[in-house]
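In: need a structure here:
(one chain, ligands or ions: 2)
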Amino acid sequence: MSEPQTISVSATISPATTAGLVEKTPLERYQPPAKPSLVGLSRAQLTEALASIGVPASQRKMRVQQIWHWLYVRGARRFDAMTSISKDLRATLDQHFTLARPEVVAEQISADGTRKWLLRLPGEQSLERPHEIECVYIPEADRGTLCLSSQVGCTLACSFCHTGTQRLVRNLAPGEIVGQIMVARDRLDDWLAAAQRGTEIPAASTAVGAGGNGGQRVISNIVMMGMGEPLYNFEAVRDALLIAADGDGIAISKRRITLSTSGVVPNIARAGAEIGCMLAVSLHAVHDELRNELVPLNRKYPIKELLDTCRNYPGLSNARRITFEYVMLKGVNDSLGDAKALVKLLKGIPAKINLIPFNPWPGTRYECSDWERIEQFSEIIFNAGYASPVRTPRGRDILAACGQLKSASERLSARERIALRAMAMTD
Ligand code: SAH
Ligand code: SF4
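Out: Numbers count the residues shown, from 1 in each chain. Ligands and ions are numbered 1, 2, ... in the order given. As a prediction, the model looks like this:
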């Protein structure tokens, strides 16, 4: 990933300038606060943090285990709450670290129970206006899914995606990704103590988490489908998801964690090997010509190369299929011929096909396919032997549905507007 850059010319970028973009360069870097949060540190990093404040080597493993439990099973927000740790150590921890999560700026609850949180993250410069990202919780009868963001904005610029029009890009740090889970569990009262009290959350799922708490878990599944392209922030996403899956902490099974990518081919195999989560691929078109237009990254990694990589995804089997996402765009990719071609294209890959009704946003040139067409399309796929659930749009009234996530960061500061000039293709 290239270094962030700033140049000193003030101007805005016209849509014509951005139209040919394959990738944008992150313009900002995460700057850790003077007093860092322990949220999002791996066990090894936590061990180092304890060493740095003088915890003897012989105690570190036990202390890491204790802090991990307080953080990720109990949801402690203050060191004071960590009653199994000596008072002196709690005070020392408090002097050097925090347990901070991203700041919640707003919470919206949709009529269908979907919740969206607007979270504030610091900008690169301390005096600069902070960035905002969104995180969405979707309750269903048998599960509760949390949709996480991986970037402020997105490295890519898919033509049908609102997030893609946001020009500022910053990769999130692992603590900011894990922090979204922490915030959601705080707001949904989804920690061990709540499970012991038998607290009922309205519209909550009855799904039982994979963790050892035996209680009811409100958040049972995670999808990396919010703002950003997770495979352009690979290490941070990997480290965060490994924390989410850790059996002594948040303990969401890797089979309940799905990473969605627009097709960053070199990192797909890495996701399988180093994270071991489920994979979703945003396909959206069956020919390169159209996919180049919808998902410009296709010019770098065309359909054949993408599907060959999918065929070799570690752990792929009929029990662990890849989900192919296909957004339904009226008159663009929704002919019945497209449906037949899609089935042919995916032959031999253990797959699910997820049809997503296009979620419109202000200024888009696309429309959602007619419902009748979506049903016909779905039927062709179903008859070919694929489950083809149509993803019900959720939270439309609070702009929380797929591709509508675009934070207020778009209201650009002067500095950001200047920085836009530095936006460049990295390939
Ligand atoms: N960057 C990743 C993950 C985030 S987008 C990716 O592209 O896969 C999550 C899903 O929402 C993707 O399948 C994406 O193509 C889809 N999406 C984006 N904009 C949409 C819109 N306006 N309507 C419906 N789905 C959209
Ligand atoms: Fe980025 Fe995904 Fe939107 Fe494409 S669809 S711009 S990859 S968030």
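
In: In which helix or strand does the residue of the chain positioned farthest from its centre reside?
Out: Relative to the mean C-alpha coordinate of the chain, counting by C-alpha atoms, centre = their mean, the farthest residue is Asp88 (37.7 Å). When secondary structure is defined by DSSP states H and E, Asp88 falls within helix 87-96.

In: For that helix, buried residues please.
Out: Neighbour-count burial for helix 87-96, with 16 or more other C-beta atoms under 10 Å as criterion, is recorded at Leu89, Arg90, Thr92, Leu93. All C-beta atoms are positioned from the backbone trio N, CA, C, and that covers glycine.

In: can you list the residues you listed in JSON lines and add distance to ligand 1 and pLDDT?
Out: Written out in JSON lines, the entries for those read as follows (distance: C-beta to the nearest ligand atom, whole Å; pLDDT from 0 to 100):
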{"residue": "Leu89", "distance to ligand 1": "41", "pLDDT": "97"}
{"residue": "Arg90", "distance to ligand 1": "39", "pLDDT": "97"}
{"residue": "Thr92", "distance to ligand 1": "41", "pLDDT": "98"}
{"residue": "Leu93", "distance to ligand 1": "36", "pLDDT": "98"}
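
In: tell me the pLDDT at the closest residue to ligand 2 within the stretch 251-400 of the chain?
Out: Closest residue of the stretch 251-400 of the chain to ligand 2, C-beta to the nearest ligand atom: Ser262 (3.7 Å). At Ser262, the pLDDT value in this model is 98.

In: what does the helix holding Asp88 contact?
Out: For helix 87-96, the external contacting residues (C-beta atoms under 8 Å, 6 or more residues apart in numbering) are Lys35, Leu38, Ala49, Ser52, Ile53, Gly54, Val55, Arg63, Phe79, Asp80, Met82, Ile85.

In: Now do the same for the third one: helix, strand or coil?
Out: Meaning Ala49. Reducing the assignment at Ala49 to three states with DSSP: H, G, I helix; E, B strand; the rest coil gives helix.

In: all strands for the stretch 151-300 of the chain, in order.
Out: For the stretch 151-300 of the chain, applying DSSP state E, counting those that start in this stretch gives strands covering 151-152, 170-171, 221-224, 257-261, 278-282.

In: quick check: mean pLDDT across the first one?
Out: Put plainly, it is strand 151-152. Taken as a whole, strand 151-152 has a mean pLDDT of 94.

In: Direction included, what does it pair up with?
Out: Each strand that strand 151-152 pairs with, and the sense of that pairing, follows from DSSP bridges: strand 170-171 (antiparallel).

In: how close does Gly228 get to ligand 2?
Out: From Gly228 over to ligand 2 the distance is 6 Å, taken as C-beta to the nearest ligand atom, to the nearest Å.

In: so what's that residue scoring on pLDDT?
Out: What the model reports for Gly228 is a pLDDT of 96.

In: now check the longest strand seen in the chain, is it near ligand 1?
Out: In the chain, assigned by DSSP state E, the strand with the most residues is strand 131-139. No: residues of strand 131-139 contacting ligand 1 under C-beta under 6 Å from any ligand atom: none, with a closest distance of 10.9 Å.

In: what is the mean pLDDT for that strand?
Out: So the average pLDDT for strand 131-139 ends up being 92.

In: any residue of the next helix or strand after it up close to ligand 1?
Out: Moving toward the C-terminus from strand 131-139, the first helix or strand encountered (DSSP H and E) is strand 144-147. No: Strand 144-147 lies out of reach of ligand 1 by C-beta under 6 Å from any ligand atom, never closer than 8.2 Å.

In: what's next to strand 144-147, contact-wise?
Out: Under the criterion C-beta under 8 Å, 6+ apart, residues 135-138, 180-181, 184, 188, 204-205, 207, 217-223, 225-226 lie in contact with strand 144-147.

In: what residues does the stretch 51-200 of the chain put near ligand 1?
Out: Selection of the stretch 51-200 of the chain residues close to ligand 1 by C-beta under 6 Å from any ligand atom yields Phe160, Cys161, His162.

In: let's see 5 Å
Out: Where proximity means C-beta under 5 Å from any ligand atom, the interface of the stretch 51-200 of the chain facing ligand 1 comprises Cys161.

In: Please apply the same query to the stretch 201-350 of the chain.
Out: Proximity of the stretch 201-350 of the chain to ligand 1, by C-beta under 5 Å from any ligand atom, involves residues Met225, Glu229, Ser260, Ser262, Ser282, Glu325, Val327.

In: okay, now the domains of this protein?
Out: Per automatic domain parsing, the domain ranges recorded for the chain read 5-27+102-426, 43-96.

In: Out of those, which is the most enclosed?
Out: When you average the neighbours per residue for each of the domains of the chain (mean count of other C-beta atoms under 10 Å), domain 5-27+102-426 leads with a mean of 19.

In: Low-confidence stretches in the protein?
Out: Applying pLDDT under 70 to the chain picks out residues 1-20, 125-128, 194-216, 388-389, 391-427.
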